[in-house]
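sequence unavailable; structure follows:
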Ligand SMILES: [Zn+2]
């Protein structure tokens, strides 16, 4: 079976992916709201991809070490 990439409910005949998220490899289609980093990397609309790609940590402020 070689149909994995077509199993997400999208009809590949209908739309042509124009880019791929550099974090999760999800295909990006025309008209989608996506992210572009300062370095020009293209990421999908999922903010978790931005957080992971930029190696940003989500922490509680209680974890901050106060000098
Ligand atoms: Zn992504």
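Now that the structure is in, tell me what you want to look at. In this text, all values refer to a predicted model and were calculated from it rather than measured experimentally.

and the most centrally placed residue in the chain, how close does it get to residue 61?
For the chain, residue 44 is the residue whose C-alpha lies nearest the centre (CA atoms, centre = their mean; 3.2 Å). Counting by CB to CB, to the nearest Å, the gap from residue 44 to residue 61 is 28 Å. Any C-beta I mention is one placed from the backbone N, CA and C, and that applies to glycine too.

would you map the strands across this protein?
Counting by DSSP state E, the chain has these strands, from start to end: 19-20, 27-28, 35-36, 42-43.

the ion is nearest to which of those strands?
strand 42-43 (5.5 Å; CB to the ion).

what helices and strands are in contact with that closest one?
Secondary-structure packing of strand 42-43 (3 or more CB pairs under 8 Å, 6 or more residues apart in numbering; DSSP states H and E): strand 35-36, helix 47-53.

please redo it, this time with the cut-off set to 6 Å
Packing contacts for strand 42-43, counted by 3 or more CB pairs under 6 Å, 6 or more residues apart in numbering; DSSP states H and E, involve helix 47-53.
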